[in-house]
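**Q** this one's structure only:
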DNA sequence: CGACTGTTTGATGAAATTCAAGCACAGTGG
DNA sequence: CCACTGTGCTTGAATTTCATCAAACAGTCG
């Protein structure tokens, strides 16, 4: 999920995608379909779709944020991605023609709706559209593999640090501050996403604050020493667990691209 | 990766895919392109493609097995998938128009080659082809998410057990024995893939043998008590670490589908 | 036959979870 | 306005799982 970042495209009418639709399939028969894009507002806690729901649209975040989680048949859930404006959502539905995730909003958000018909039209008539969708999905896979790698090879500190840097990066892509932001997700969400206990998240945040890497005030985060954070992610030095700790190892979470679908590509490590 | 399992399709001429090509786009202009499918033999250790290589084809395993790994810019590698006959390979290239993985063979193998041109032709002219590719890629994502979940929530024993069951399942889909098989990958590969130390893999295999769950003779594995193995994967009971241990927790690795592209779907848990 | 890779096994230690409290803030209702 | 309750978060102590280090063995290949 995620990617398809075309943050502040100036020509955007209804939503981020419309610009591309207009550009890319301006005079194709898909046009009339894709033009009927609509968007809708949701509130914190609202659900966009649930696992098992029929797959009848893709979505693009216009504003706000959301999380996607997979649930074991009965037991616990696993958050698989967070979404921010511009991110494409719902491609999990292609596999079985029904959604595999639950997507819910972390705050009031606005979402564009692209019916499967429109998607099909786009795929049929727009070479670029095809490229973009495939690229996006391929990128999702790569990101997940990267994350898998992170879980396998990085310590908790590294993963959390990488998470914050990733967040910072994604927000910066959207024209927001890369140094100060407010987490829209709870510690529980973060812990779940990164595969650790919430206590660990809490402890690590505290520890990072003590090391003057970040400032934490509840959900509000300030990245104080980004270069050092990057080092932590990347290096494999030994690090003390206590508050004097300094050298650690690293991450490379998401690779993203700004801007229109047309430029969907992969950055690999962004730091 | 993986999926697109059409194991022993009887009408297969060149390779597993040709059947589908023939069926699906029989009278489309894509036909002439896709017909030029070729296949090639590789040997153990040979490389199909490397990260950074131009993305100019997709591949389908005809026989043998392979592994795909991602490498951190300099450091260690992470095996992201294993491939068996019928599996589609190379979709990692869509993201950046160049491959993101290294794919190498674990034994002598035969691989079908489908040029990007053919792929494009297929996508352009075959609704089914589109569906299948998207479904496959979507499924890859779901599988990875599942694995991420496994790493986060399951113990080593559960993951290894799940891995063996998954392998068994995939081999069974291909008409091979689900109870006895020979691992084409080393312990190192397994450990890397599952995110644990080789010593752990070794110890666990030994332990499982002592519990009469499996029989191990170097690479040759016999699953002795599959029902119990499933329980281990699924349950969350407390389990002693020692050899009397019995109850443990669970997994659900890959979801696959047999047969032609046309039936690509998702089983979810297969046990 | 060495030399090598792949594998097993044991002993030790570290990282992170779990269990257990307690705090902080928000909203509710008396 | 103030206790009261709930959620989200923090902190400490004990425990567990698993990796690391170290050594030795097994099968293979030139």
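**A** Received it, and whenever you're ready, just let me know what you need. On a predicted model such as this, the values are computed, not experimentally measured, just so you know.

**Q** low-confidence ranges in the stretch 151-271 of chain A?
**A** For the stretch 151-271 of chain A, the stretches with pLDDT under 70 are A:236-271.

**Q** what do you get if the cut-off is 80, keeping everything else the same?
**A** Scanning the stretch 151-271 of chain A for pLDDT under 80 picks out the ranges A:235-271.

**Q** quick one: the strands in it?
**A** Under the criterion DSSP state E, counting those that start in this stretch, the stretch 151-271 of chain A contains strands at A:180-182, A:214-217, A:220-223.

**Q** any chance of those in TSV, plus distance to DNA strand C?
**A** To be clear about C-beta, it is placed using only N, CA and C from the backbone, and glycine gets the same treatment. Rendered in TSV, the data for the strands of the stretch 151-271 of chain A read as follows (distance: least, Cβ to the nearest atom of the strand, whole Å):
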stretch	distance to DNA strand C
strand A:180-182	13
strand A:214-217	8
strand A:220-223	11
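
**Q** looking at these, which is buried most?
**A** Of the strands of the stretch 151-271 of chain A, the one with the most neighbours on average (mean count of other Cβ atoms under 10 Å in any protein chain shown) is strand A:220-223, at a mean of 16.

**Q** so how far is that strand from its chain's centroid?
**A** From the chain centre to the centre of strand A:220-223 is a distance of 18 Å (Cα atoms, centre = their mean, to the nearest Å).

**Q** and that strand, what does it pack onto?
**A** helix A:156-173, strand A:180-182, strand A:214-217 (3 or more Cβ pairs under 8 Å, 6 or more residues apart in numbering or on different chains; DSSP states H and E).

**Q** where exactly do the helices run in the stretch 101-250 of chain A?
**A** For the stretch 101-250 of chain A, the helices defined by DSSP state H, counting those that start in this stretch occupy A:116-125, A:127-153, A:156-173, A:187-194, A:198-210, A:226-234.

**Q** Of these, which is nearest residue B:136?
**A** Nearest to residue B:136 among the helices of the stretch 101-250 of chain A is helix A:127-153 (9.7 Å), distances taken as Cβ to Cβ.

**Q** What is that closest one packed up against?
**A** Short answer (3+ Cβ pairs under 8 Å, 6+ apart): helix A:127-153 packs on helix A:16-24, helix A:116-125, helix A:156-173, strand B:66-71, strand B:77-83, helix B:116-125, helix B:127-153.

**Q** export the ones you listed to TSV and tack on distance to DNA strand C and mean neighbour count?
**A** Shown next, in TSV, are those (distance: least, Cβ to the nearest atom of the strand, whole Å; neighbours: other Cβ atoms under 10 Å in any protein chain shown):
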stretch	distance to DNA strand C	mean neighbour count
helix A:16-24	31	22
helix A:116-125	38	20
helix A:156-173	4	23
strand B:66-71	12	22
strand B:77-83	13	23
helix B:116-125	33	20
helix B:127-153	8	23
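
**Q** So for DNA strand D, which of these sits nearest?
**A** Judged by Cβ to the nearest atom of the strand, the one of the helices and strands packed on helix A:127-153 that comes nearest to DNA strand D is helix B:127-153, at 9.5 Å.

**Q** The closest one close to DNA strand D?
**A** No - Helix B:127-153 stays clear of DNA strand D (Cβ under 7 Å from any atom of the strand), getting no nearer than 9.5 Å.

**Q** what's the angle between that helix and helix B:187-194?
**A** Interaxial angle, helix B:127-153 versus helix B:187-194 (axes from the mean of the first three to the mean of the last three Cα atoms, to 10 degrees): 100 degrees.

**Q** and helix B:127-153 with helix A:116-125, angle?
**A** Angular relation of helix B:127-153 and helix A:116-125 on a 0 to 180 degree scale: 120 degrees, by the same axes, to 10 degrees.

**Q** Just the angle for helix B:127-153 relative to helix B:156-173, thanks.
**A** With the same axes, to 10 degrees as the basis, helix B:127-153 and helix B:156-173 are set at 160 degrees to each other.

**Q** how far out from the middle of the chain is helix B:127-153?
**A** Going by Cα atoms, centre = their mean, the spacing between the C-alpha centre of helix B:127-153 and its chain's C-alpha centre is 11 Å.

**Q** Quick one: closest of the strands of the stretch 151-271 of chain A to residue B:48.
**A** Short answer: strand A:220-223, nearest of the strands of the stretch 151-271 of chain A by Cβ to Cβ, at 40.9 Å.

**Q** Near chain B, which residues of the stretch 1-150 of chain A are found?
**A** Applying Cβ under 8 Å from any Cβ of the partner chain, we find that the stretch 1-150 of chain A lies next to chain B at A:1, A:70, A:72-73, A:75-76, A:78, A:80, A:91-97, A:100, A:120, A:123-124, A:127, A:130-131, A:133-135, A:137-142, A:144-149.

**Q** Quick check: closest non-adjacent residue to residue A:220.
**A** Of all residues not flanking residue A:220 in the chain, residue A:182 sits nearest, at 5.1 Å (Cβ to Cβ, 6 or more residues apart in numbering or on different chains).

**Q** any low-confidence regions in the stretch 1-150 of chain A?
**A** A:1-38, A:72-76.

**Q** Burial check on the closest residue to DNA strand C within it, number of neighbours?
**A** DNA strand C sits closest to residue A:76 of the stretch 1-150 of chain A, with a gap of 10.2 Å, by Cβ to the nearest atom of the strand. For residue A:76, the count of nearby residues is 13 (other Cβ atoms under 10 Å in any protein chain shown).

**Q** Select, out of the strands of the stretch 151-271 of chain A, the one closest to residue A:229.
**A** Among the strands of the stretch 151-271 of chain A, strand A:220-223 comes nearest to residue A:229, with 6.7 Å by Cβ to Cβ.

**Q** ok, and what's touching that closest one?
**A** Contacts of strand A:220-223 with the rest of the structure, by Cβ atoms under 8 Å, 6 or more residues apart in numbering or on different chains, involve A:164-165, A:168, A:178-183, A:213-216, A:229.
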